[in-house]
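>>> show me how the following folds:
(2 chains)
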Amino acid sequence: MKHSKDPFEAAIEEEQEESPPESPAGGGDDEEGRHEIEQAPEESERDVGVRRQPKKFKSSVAVAEGKNKDEDEEEEEENMEAELTKYPTTADPAKMAKMQVILSQFTEDQMSRYESFRRSAFQKGNMRKLLQGVTGSQKISMPVIIVNCGIAKMFVGELVETARVVMGERNDSGPIRPCHIRESYRRLKLEGKVPKRSVPRLFH
Amino acid sequence: MSSTPGATAAASSSKSKATGSSQAPEKRKPLFQKELQHMMYGFGDEQNPLPETVALVEDIVVEYVTDLTHKAQEIGTKRGRLLVDDFLYLIRKDLPKLNRCRELLAMQEELKQARKAFDVDEEKITSLD
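Here you go, the predicted model:
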């Protein structure tokens, strides 16, 4: 079942024939992609390399699904293929070819993990509730929700990846434990990736 | 644990948002458990992450979004509304996130245009009858 008709692969093949529209962040994204790859732990290096490029796929699906129906279901295969064909990863056909090569060499394990990475997203409805609670206002515009979902997902990525690095340093294995996440969070704070509260949280 | 007396009103509202219980502000109803499990697996955890890990990550993410939104509110307070640009300003130093947000917003625009075009086409088709 390695190179079977996975919706991702099928969609990517179809995309390569289409001429890509101007993708605004295509150029900037590549550099960040490579930069991130160097920092990733060894065992998931290829995963990260693959991940950083095609994040654009995921967003189109997330946006489409969020708009059409706010569902928990992640097996929206028809939706996925349709949306994926419209929005290629980047305007660069060489990039897409590279992606295709990498994807075709994935093991089942890697493909399943990649699939989860692409399909997972925060639900817009829940995010809206959270934002309404925080701001106290009823109307939260859609772009704000979308941006928050995207930022939060990337933050989770940073947390989990740093936690894996921590585990590697401690020679731990198995599922990630809360102590790893706490250490990862501490490190992210030191790097300045976590917004600091202007008023310190008392009695936390 | 009681609500923090020294915190701003906005902060305390975020604590009481969970069904208005003022007694245990940290007891949030899990909002993102299911999605978080898949997300964590996608980013490198096991297929079934530990429940306590997922709960901790959820707490951290909620706190992150809350703090980010508070800061955005402070920036946008002159306008009175919360705008996307405030968030974009806040993550301006974090290039991957910034670029990702730009993509998402651009795609949302494209989808909107596509849907508009779809509606227009539909009208044409029905008018042909």
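>>> mind listing the helices for chain A?
A:7-17, A:26-39, A:45-52, A:55-68, A:77-86, A:93-104, A:108-119, A:124-135, A:142-170, A:178-191 (DSSP state H).
>>> and B:E58, what does it touch?
B:R28, B:P30, B:L31, B:F32, B:Q33, B:L36 (CB atoms under 8 Å, 6 or more residues apart in numbering or on different chains). Every residue, glycine included, has its C-beta placed from N, CA and C.
>>> by neighbour count, which of those wins?
For the contacts of B:E58, the largest number of neighbours (other CB atoms under 10 Å in any protein chain shown) sits with B:L36, at 25 neighbours.
>>> separation between that one and B:T53?
Noted for B:L36: a distance of 9 Å to B:T53, by CB to CB, to the nearest Å.
>>> pull up the gap between the closest residue to B:E46 other than its chain neighbours and A:A163, please.
In this structure, B:E46 finds its nearest non-sequential neighbour in A:P175, 4.4 Å apart by CB to CB, 6 or more residues apart in numbering or on different chains. When distance is defined by CB to CB, A:P175 is 10 Å away from A:A163.
>>> now the common contact residues for those two.
B:D45.
>>> for these two, indicate the residue with more neighbours.
A:A163 (28 against 15).
>>> tell me which residues touch that one, please.
A:I176, A:H180, A:I181, A:E183, A:S184, B:G44, B:D45.
>>> check the gap between it and B:D45 for me.
Where B:D45 is concerned, A:A163 sits at a distance of 8 Å (CB to CB).
>>> check A:P93 too.
For A:P93, the distance to B:D45 - CB to CB - is 34 Å.
>>> more crowded one of these two?
B:D45 (26 against 13).
>>> skip the chain neighbours and tell me the closest residue to the more buried one.
A:I176 (4.9 Å).
>>> ok, now which ones touch that neighbour?
Counting by CB under 8 Å, 6+ apart, A:I176 has contacts A:V160, A:A163, A:R164, A:M167, B:M40, B:G44, B:D45, B:E46, B:P49, B:L50, B:T53.
>>> wait, which of the residues you listed is closest to A:S104?
Set against A:S104, the nearest of the contacts of A:I176 by CB to CB is B:G44 (21.9 Å).
>>> ramachandran angles for the residue nearest to B:D45?
phi -70, psi 130 (degrees, to the nearest 10).
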